[in-house]
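Peer 1: Can you look at this prediction? I've put the sequence above it.
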Amino acid sequence: MNLDIVFASSFPSWAIFLVVILLAAVIGVIAFAIHLIIKKRKPEEKKESEEKIAQDNVDRFVEDVSDEETKKEFEKYVKEHEEDEKKDNK
């Protein structure tokens, strides 16, 4: 028994197209169901605030100043900068 003869004689040409479409639909539904199951089982990640994320990034790159002279220079710069901002805001 030749498969080509049996397949061609038992199905009309439009039925072959319909079978292919149905198989694709079944595969799609199965994939969607698996996606939903995985999504439900996966624990939700807690959303961190943007401020905390930014602070974490800054903390990774910025090191504390241990030199007293450098600390004083930073404090002096911050004070000058604050005074300039007050002047600009007026």
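Peer 2: Good, I have the coordinates.
Peer 1: Give the next helix or strand downstream of the helix or strand encompassing Phe17.
Peer 2: Applying DSSP states H and E as the criterion places Phe17 in helix 13-41. Sequence order places helix 50-61 as the next helix or strand after helix 13-41, per DSSP H and E.
Peer 1: And the contacts of whichever helix or strand comes after that following helix?
Peer 2: Scanning forward in sequence from helix 50-61 by DSSP H and E, the next helix or strand is helix 68-89. For helix 68-89, contacts defined as C-beta atoms under 8 Å, 6 or more residues apart in numbering pick out Val65. For the C-beta atoms, the positions are set from N, CA and C on the backbone; glycine is no exception.
Peer 1: now helix 68-89, how far from the centre of its chain.
Peer 2: Offset of helix 68-89 from its chain centre (C-alpha atoms, centre = their mean, to the nearest Å): 39 Å.
Peer 1: How about stretch 78-90?
Peer 2: 40 Å.
Peer 1: any idea of the mean pLDDT for that stretch?
Peer 2: Averaged over stretch 78-90, pLDDT sits at 79.
Peer 1: and for stretch 38-47, what are the contacting residues?
Peer 2: Applying C-beta under 8 Å, 6+ apart, the set of residues contacting stretch 38-47 is empty.
Peer 1: what's near enough to touch Val65?
Peer 2: Neighbours of Val65 in contact, by C-beta under 8 Å, 6+ apart: 71, 74.
Peer 1: And it, its phi and psi?
Peer 2: phi -90, psi 120 (degrees, to the nearest 10).
Peer 1: do the same with Glu48
Peer 2: The phi/psi pair for Glu48 (degrees, to the nearest 10) is phi -90, psi 150.
Peer 1: Cool, thanks, signing off.
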